[in-house]
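**Q** just need the structure, nothing else, for what follows:
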Amino acid sequence: MKSKSFFGFAFFGAVLSLVLLTTGCNSPFPTAQTIGVKVDPAKGDYKVVARGISGSSQGTRVLFMTSAPSYEEAIKEVYRNAAIRQGDNHALVNCTETKSIKDYFFWEFPKITITADIIEYNKK
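**A** Have a look, this model is predicted:
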């Protein structure tokens, strides 16, 4: 009898481990904060080119080896998603940064997502 319960327990543990390793879990409380310049689109010598465009960067952590997510990569993706060349007379405003982590036992995938409006300064 004891061998049946041991094998049943071991089988349950193996199935549970497999499910946890393949599904992972997201961070329960992703953090979001407002960063950068805040502007009111109704005022100023600029026009809003795009609203609510987002870009993200994902890193990796395996045990003690870390490849961190990059703010620069996330901002480049914002411009790429808006189909606008970075620089010139464009700027990101009303930015929100969200950090989250997807966790797979020994593996973690930290992610930074930046959501912003893009404005174009009028040339005078």
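**Q** residues in contact with Phe109?
**A** Phe109 makes contact with 58-61, 101-103, according to C-beta atoms under 8 Å, 6 or more residues apart in numbering. In short, each C-beta sits where N, CA and C put it, glycine included.
**Q** give me the average confidence score over stretch 102-120.
**A** Across stretch 102-120, the average pLDDT comes to 88.
**Q** can you check the pLDDT for Tyr79?
**A** Turning to Tyr79, the model gives it a pLDDT of 91.
**Q** the residue nearest to Thr96 when sequence neighbours are not counted: neighbour count?
**A** The spatial neighbour of Thr96 that comes closest, neighbours along the chain excluded (C-beta to C-beta, 6 or more residues apart in numbering), is Thr115 at 4.8 Å. For Thr115, the neighbour count with other C-beta atoms under 10 Å is 19.
**Q** isn't Thr115 right up against Ile53?
**A** Yes: with contact defined as C-beta atoms under 8 Å, Thr115 counts as touching Ile53 (7.1 Å).
**Q** residues shared between the contacts of the two?
**A** With C-beta under 8 Å, 6+ apart as the test, Thr115 and Ile53 both reach Val78.
**Q** distance check, Arg51 against Arg61.
**A** 33 Å (C-beta to C-beta, to the nearest Å).
**Q** which of these two has more neighbours?
**A** Neighbours per residue, other C-beta under 10 Å: of Arg51 and Arg61, the larger number sits with Arg61, 16 against 13.
**Q** cheers, nothing more for now.
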